[in-house]
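Compute the structure for the input listed below.
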Amino acid sequence: MRTWMRVLIIVVVMVLLVGCAAGPNPMQQPRETNEQEPAGFWLGLWHGIIAPITFVISLFSDKVHMYEVVNNGNWYNFGFVLGAGILFGGGSKAGRRKKRDD
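Residues are numbered from 1 along each chain as shown. Presented below is the predicted three-dimensional model:
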């Protein structure tokens, strides 16, 4: 596959993933309390997985946020940390033994 085709595929996938980023900060714009339900474990997991992409985009845009402020607390936080850990391999690399060359 050609290089430009790979770059195009990566860009399209990144744009699709950013579409699932965390919502707006309610402290910036007041909203009705019944407008949306707080984000739970599964959204926290998803936001943790796409965190690196949303971080880069949030540097250039005020409309993309890395963390959903309207969440249900510890379950969202647990999902977010678990999702970020899944993306970066967790502790699997730390437990690997180094091969010796004898």
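
remind me which residues of this structure are low pLDDT?
For the chain, residues meeting the criterion pLDDT under 70 lie at 1, 17-36, 89-102.

packing partners for the biggest helix by length in the chain?
Looking across the chain with DSSP state H, the single longest helix is helix 3-18. Here helix 3-18 touches helix 51-60, going by 3 or more Cβ pairs under 8 Å, 6 or more residues apart in numbering; DSSP states H and E. Glycine gets a C-beta too; all of them are placed from N, C-alpha and C.

Could you pull out the buried residues of the helix it packs on?
Of the residues in helix 51-60, 51, 53-54, 57-58 count as buried by neighbour count, 16 or more other Cβ atoms under 10 Å.

which pair in those spans the largest distance?
Within the buried residues of helix 51-60, two members stand farthest from each other by Cβ to Cβ: 51 and 57, at 10.8 Å.

Put the alpha carbons of whichever helix or strand comes after the longest helix of the chain into CSV.
Downstream of helix 3-18, the next assigned helix or strand under DSSP states H and E is helix 41-49. The C-alpha trace of helix 41-49 is given here as CSV (Å, rounded to 0.1, in the frame of the first residue of the first chain):
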residue,chain,number,x,y,z
PHE,A,41,-18.0,3.5,32.9
TRP,A,42,-18.3,2.7,29.2
LEU,A,43,-17.9,6.3,28.1
GLY,A,44,-15.0,6.7,30.5
LEU,A,45,-13.4,3.6,28.9
TRP,A,46,-13.9,5.0,25.4
HIS,A,47,-12.6,8.5,26.4
GLY,A,48,-9.5,6.8,27.9
ILE,A,49,-8.8,4.9,24.8
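
For helix 41-49, name the packing helices and strands.
Helix 41-49 sits against helix 74-87, with contacts defined as 3+ Cβ pairs under 8 Å, 6+ apart.

mind exporting the helix it packs on as CSV, just the C-alpha atoms?
Only the C-alpha atoms of helix 74-87 are listed here, as CSV (Å, rounded to 0.1, in the frame of the first residue of the first chain):
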residue,chain,number,x,y,z
ASN,A,74,-15.7,7.0,40.3
TRP,A,75,-17.0,4.6,37.7
TYR,A,76,-16.2,7.1,34.9
ASN,A,77,-12.8,7.7,36.4
PHE,A,78,-12.1,4.0,36.6
GLY,A,79,-13.1,3.5,33.0
PHE,A,80,-11.0,6.4,31.8
VAL,A,81,-7.9,5.1,33.6
LEU,A,82,-8.5,1.6,32.4
GLY,A,83,-9.0,2.8,28.8
ALA,A,84,-5.8,4.8,28.9
GLY,A,85,-4.0,1.7,30.4
ILE,A,86,-5.3,-0.5,27.7
LEU,A,87,-4.1,1.8,25.0
